[in-house]
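*Asks:* Give me a 3D structure for the following:
(2 chains)
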Protein chains: 2
Amino acid sequence: MAKRAKRTSKRTGISAGGTGGAGAYDALMKELREVATLGSVASLIGWDQETYMPAAGAGLRAGQREMLSGMIHERRTSKKIGDLIRACESSAAVRRDAKKSANIREARRDYDRATKLPRSLVEEMARTSALGMDAWKDAKQESNFKKFLPWLQKTVELNREKAKCYGVPKGGEHYDALLDEFEPGMTAKKTEMIFGPLRAELVPLIERAASAKKKPDERPARVVLPIEQQKEFATKVAAQFGFDFNAGRMDVSSHPFCDGVGPGDTRMTNRYRPDGWCDALSSATHEGGHGMYEQGLPKEKMFGQPLAEAVSLGIHESQSRLWENLVGRSQPFWQWGIKLAREVFGAPVRKLSADDVYRAANVVRPNFIRVESDELTYNLHIMLRFDLERAMLRGDLSCRDLPGVWNARIKSDLGLKVPDDRRGCLQDIHWSMGALGYFPTYTFGNLFAAQFWEAIGRDIKNRDARMAKGDYAPILQWLREKIHRHGRMYSANELCERATGKPLTHAALIRHLTAKVENVYG
Amino acid sequence: MAKRAKRTSKRTGISAGGTGGAGAYDALMKELREVATLGSVASLIGWDQETYMPAAGAGLRAGQREMLSGMIHERRTSKKIGDLIRACESSAAVRRDAKKSANIREARRDYDRATKLPRSLVEEMARTSALGMDAWKDAKQESNFKKFLPWLQKTVELNREKAKCYGVPKGGEHYDALLDEFEPGMTAKKTEMIFGPLRAELVPLIERAASAKKKPDERPARVVLPIEQQKEFATKVAAQFGFDFNAGRMDVSSHPFCDGVGPGDTRMTNRYRPDGWCDALSSATHEGGHGMYEQGLPKEKMFGQPLAEAVSLGIHESQSRLWENLVGRSQPFWQWGIKLAREVFGAPVRKLSADDVYRAANVVRPNFIRVESDELTYNLHIMLRFDLERAMLRGDLSCRDLPGVWNARIKSDLGLKVPDDRRGCLQDIHWSMGALGYFPTYTFGNLFAAQFWEAIGRDIKNRDARMAKGDYAPILQWLREKIHRHGRMYSANELCERATGKPLTHAALIRHLTAKVENVYG
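*Replies:* Residues are numbered from 1 along each chain as shown, chains lettered A, B, ... in the order given. Down below sits the predicted model:
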């Protein structure tokens, strides 16, 4: 961080980063670090809940988490932090320092977001989300949309309320205020302008794969292999990519996730099935991508500061998708990966070629379920959700009509007939949690990843040849330099422009997917 | 808990357990529960530090723990809790309710202990302990007592100070105030009166084993067996004894320990060596004993209340020693245990008889190291430490003379010549941590365990025959009923009298050890 002479803010009387570290800026950073430390405890016990907590400990855990959440919220919204931010904002010394002023800009954003919602609304959302998730679980199990309908209606209503509190931008819509929480600076209109051309090119590409005469053999991805060896393989690949296991772990949970607990401690999880070694690899490279981003943020010295935090969900997802799809599903990767697989698994994979596995790992097949979809059709799932949640929020779509509209869209987009709502509009947890505006970030992740990947291809000599030899260090180095180390210094789009020379478009992803379809489907 | 009509305390104006749960008693219980919830978070991240934390996470973990400790201390010593206790003390309704008044009596004890030490002393002790532990580690590694000497002197001095703050009882000594922290109600004089006759009978018993012509064959305890199978065996025994793995776990750490994190969540650890299956079993039964006590405390409804907490370290240790030594090192246990061992380990143990393992697990051999000692000589180690720490505190022994006195005592007690201070007076961590008055509780544990065991033998028909069949439920049932469910309702000695009809003496332990020596050494 740049060192500069510091002055005392005159308006507030609180010194902004003055001598002896007693100023407002230093005080604010200390406060943010403490809140982050509390947050890291909450993260850790959340991780434990999904990995090692004994079943009977669930009640205690709920109490612990509620207590910590309350304490964290109280501190994040404290008058003290508000005053310190204001003091920093009026300090010329802070304004002159690009990093400090970025920290203050982002701290202001967080503080406003945390304090803009009235307590009554926060509580009602928490209650609705808790009850709504229960109702959704039942409804999904029974494939009974009516059970979830009142909660969906309530959720949409509360999100409209929430958007109003955050403030709907001029010329914008409610959706913008919600999306901005997950992808700062992004709007529904901009999303539409990217998703439109993406869809226009995706659809014929999916057609092309579907109508290809030669289909790849999927069996290489379904070889039955011992779980312990699958763990070893997945761990070795993640380590080779650059995940630092001295500062992190990979354990087992029912749904893979990654949590950047804090400096020196990033925890990811995986799951294993006897015939799912390629799935376990995907999860490890996906979560490993999230994990390397967390490990690359400058937390050591700046823990709790915005500049040591992830900039957006889209950028976070770009890191996981890049390692999972652009690296881990590529031909060069498998040239190296098949050798490691033979070392770890021995005989059962000895006869598989790099190309056998590469093709098996890249089958395109429309699926009802988003999380089981391939690299291409996945994005159609996201567009569907974006369009429908936006329409519900606008009031263009009545919640009760959701299943019909959903199913018609799956039919027209994917040519599939949804058999029941469990495999239709009830499949995802997000809306039951109250999260509207979240889904698009998954496709933003794919788009950013492909655009970064092209830039990496330009910037790194012999990128693919190096990958084929197991050398992934230059790729991680590029990401560290262009993305990770900046934290929230720049917006996601600024980052993208600085790293790739262009704002985000659909072009790179389409080029990548086209090449892949040609490669796999001939 | 007994339900009674509640009244409002007149003196304070704070209702003590009044209508609507708004009274002082209910408010205090709520407060204690919250403090305990925070404490359970601290426990959990402490457990994680010893089991799964990645190496690079140590710095963050230190920050997390310091923060939580500070928050817990602040709440435990708050004026609010003090006021609530006072309100309850002056409430007739609380006084009339035996359980409530016991809770208040113990809450008062905790509050006074927590608030009696001036902040400056607490901070100096924390600093001395942190630096002292570092110095001790170096000193131990180099076997260089001089490095630790100044920290030992400081520790003794601070403990004298601490004892003064707690208050030295009339006719008592400083040591009493320290011991009382770990074993409430116990004094140096009373300890002396139990340890004296214990030593008088132990020494000839150890002699007898040493001079026996027939020595047991130790090899059955040293069979090399796969770690995974050792884990399985240790886990199955602990489960058979009654440790509830639905409400707890057993993981791996460098030193075994058990932490009753909170309701439904008790975590123990173990360690494994290829030739140490009997050691792994001992640790599992020992920690399992602690764990079953934690699981038997009435935490579900009363978490945070003294009546849901362990009464003393001696009683806690009695639970671990009972399962480890009285059950797990007995002939009846091995009659069942050898069958399980054959199921789990197969061929390598097939030719071992129950008696072979029983005898191998009960070898008596003096050892420099306390934690590696057998059931008999262990207690001489404790007496040595009790005598020397008491003498240092009184000023009868100068710290600088410790190594000489220690070595002379080991020579006269165990007939061993201490080769260096690493294996002598520097072997234990306790003094470096600042814990004087802790050691005797280990032998109290042995004494309580043996006395409980005799009572169990009287109360449970065919106890040994049932053990030989793998039926340990009546033993756990007895402990639940007589010990666990009471928490801190009675003092350790009251508990002992209620459970066994007699106050604590050395007699039962001597009877147990005599029978064992006769059995093993003929």
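*Asks:* Identify the residue of the stretch 301-450 of chain A closest to chain B, quick one.
*Replies:* Nearest residue of the stretch 301-450 of chain A to chain B, counting by C-beta to the nearest C-beta: A:Phe303, 7.6 Å away. C-beta here means a position set from N, CA and C on the backbone, and glycine is covered the same way.
*Asks:* wouldn't that residue be in contact with A:Ala36 here?
*Replies:* Yes. The criterion here is C-beta atoms under 8 Å, and A:Phe303 meets it with A:Ala36 at 5.4 Å.
*Asks:* between the two, what contacts are shared?
*Replies:* Common neighbours of A:Phe303 and A:Ala36 (criterion: C-beta atoms under 8 Å, 6 or more residues apart in numbering or on different chains): A:Gly262.
*Asks:* So what's the residue count around the residue of the stretch 301-450 of chain A closest to chain B?
*Replies:* For A:Phe303, the neighbour count with other C-beta atoms under 10 Å in any protein chain shown is 24.
*Asks:* and it, how far is that from A:Arg105?
*Replies:* Counting by C-beta to C-beta, to the nearest Å, the gap from A:Phe303 to A:Arg105 is 19 Å.
*Asks:* quick one: contacts for A:Lys154?
*Replies:* By C-beta under 8 Å, 6+ apart, the contact list for A:Lys154 reads A:Thr128, A:Gly132.
*Asks:* Quick check: buried residues in the helix or strand that it is a member of?
*Replies:* Applying DSSP states H and E as the criterion places A:Lys154 in helix A:145-166. Using 16 or more other C-beta atoms under 10 Å in any protein chain shown as the test for burial, helix A:145-166 gives A:145, A:147-149, A:151-152, A:154-156, A:158-163, A:166.
*Asks:* Starting from that helix, tell me the next helix or strand along the chain.
*Replies:* Remark: after helix A:145-166, the chain's next helix or strand is helix A:174-182, criterion DSSP H and E.
*Asks:* Check which helices and strands that following helix is in contact with.
*Replies:* helix A:145-166, helix A:188-211, helix A:377-394 (3 or more C-beta pairs under 8 Å, 6 or more residues apart in numbering or on different chains; DSSP states H and E).
*Asks:* Which residues does that helix contact?
*Replies:* Helix A:174-182 is contacted from outside by A:113, A:159-160, A:162-164, A:166-169, A:186-189, A:191, A:312-314, A:389-390, A:393-394, A:435-438, A:440-441, using C-beta under 8 Å, 6+ apart.
*Asks:* Of these, grab the buried ones for ChimeraX.
*Replies:* Buried residues within those, by 16+ other C-beta under 10 Å, are selected in ChimeraX with:
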select /A:113,159,160,162,163,166,168,186,187,188,191,312,313,314,389,390,393,435,436,437,438,440,441
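*Asks:* Would you enumerate the residues in contact with the residue most central in space within chain A?
*Replies:* The centroid of chain A falls nearest to A:Glu317 when counting by C-alpha atoms, centre = their mean (3.7 Å). A:Glu317 makes contacts with A:Thr441, A:Tyr442, A:Phe444, A:Gly445, A:Asn446, A:Phe448, A:Ala449, as judged by C-beta under 8 Å, 6+ apart.
*Asks:* what about the fifth one, neighbour count?
*Replies:* By that I understand A:Asn446. By the other C-beta under 10 Å criterion, the neighbourhood of A:Asn446 contains 27 residues.
*Asks:* Apart from its neighbours in sequence, what residue is nearest it?
*Replies:* What sits nearest to A:Asn446 in space, not counting adjacent residues and going by C-beta to C-beta, 6 or more residues apart in numbering or on different chains, is A:Arg321, at 5.3 Å.
*Asks:* do the same with the third one
*Replies:* The spatially closest residue to A:Phe444, leaving aside those adjacent along the chain, is A:Gly314, at 3.1 Å (C-beta to C-beta, 6+ apart).
*Asks:* got the residues of the stretch 51-200 of chain A near chain B?
*Replies:* A:52-61, A:63-64, A:67-68 (C-beta under 8 Å from any C-beta of the partner chain).
*Asks:* got a markdown table for these, with neighbour count too?
*Replies:* As requested, these are arranged in a markdown table below (neighbours: other C-beta atoms under 10 Å in any protein chain shown):
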| residue | neighbour count |
| --- | --- |
| A:Tyr52 | 20 |
| A:Met53 | 21 |
| A:Pro54 | 18 |
| A:Ala55 | 10 |
| A:Ala56 | 18 |
| A:Gly57 | 26 |
| A:Ala58 | 13 |
| A:Gly59 | 14 |
| A:Leu60 | 24 |
| A:Arg61 | 22 |
| A:Gly63 | 19 |
| A:Gln64 | 25 |
| A:Met67 | 17 |
| A:Leu68 | 21 |
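*Asks:* Helices of the stretch 1-150 of chain A, residue ranges please.
*Replies:* A:24-51, A:58-76, A:79-89, A:92-96, A:98-116, A:119-142, A:145-166 (DSSP state H, counting those that start in this stretch).
*Asks:* Would you mind giving the secondary structure of A:Lys461?
*Replies:* Secondary structure, DSSP: H, G, I helix; E, B strand; the rest coil: A:Lys461 is coil.
*Asks:* who's in contact with the residue lying closest to A:Val35 once chain neighbours are set aside?
*Replies:* Among residues not flanking A:Val35 along the chain, A:Arg75 sits closest, at 5.0 Å (C-beta to C-beta, 6+ apart). Taking C-beta under 8 Å, 6+ apart, we find A:Arg75 in contact with A:Glu31, A:Glu34, A:Val35, A:Leu38, A:Ile81.
*Asks:* burial of the fourth one, as a residue count?
*Replies:* Meaning A:Leu38. A:Leu38 has 22 neighbouring residues, counting by other C-beta under 10 Å.
*Asks:* Likewise for the last one?
*Replies:* Number of residues near A:Ile81 (other C-beta under 10 Å) recorded here: 21.
*Asks:* ok, now the one 4 residues further on?
*Replies:* For A:Ile85, the number of neighbouring residues by other C-beta under 10 Å comes to 22.
*Asks:* follow-up on the earlier one: where's the residue nearest to the centre of chain A, which helix or strand?
*Replies:* For A:Glu317, the host element (DSSP H and E) is helix A:313-321.
*Asks:* With pLDDT added, can I get the contacts of A:Arg75 in a markdown table?
*Replies:* Formatted as a markdown table, the contacts of A:Arg75 follow (pLDDT from 0 to 100):
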| residue | pLDDT |
| --- | --- |
| A:Glu31 | 97 |
| A:Glu34 | 97 |
| A:Val35 | 97 |
| A:Leu38 | 97 |
| A:Ile81 | 97 |
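*Asks:* Tell me where the stretch 301-450 of chain A has strands.
*Replies:* Secondary structure of the stretch 301-450 of chain A (DSSP state E, counting those that start in this stretch): no strands present.
*Asks:* What parts of it come near chain B?
*Replies:* A:Phe303.
*Asks:* any weak-confidence spans in the stretch 301-450 of chain A?
*Replies:* Counting by pLDDT under 70, the stretch 301-450 of chain A contains no low-confidence range.
*Asks:* can you pull the contacts of the closest residue to A:Pro263 other than its chain neighbours?
*Replies:* Counting by C-beta to C-beta, 6+ apart, A:Pro263 lies nearest to A:Lys299, which is 4.1 Å off, once chain neighbours are set aside. Residues near A:Lys299 by C-beta under 8 Å, 6+ apart: A:Gly260, A:Gly262, A:Pro263, A:Ala308.
*Asks:* picking up where we left off before, not counting its neighbours along the chain, what's nearest the residue nearest to the centre of chain A?
*Replies:* Counting by C-beta to C-beta, 6+ apart, A:Gly445 is the residue found nearest to A:Glu317 once chain neighbours are left out, at 2.5 Å.
*Asks:* same thing with A:Lys236?
*Replies:* In this structure, A:Lys236 finds its nearest non-sequential neighbour in A:Leu340, 6.1 Å apart by C-beta to C-beta, 6+ apart.
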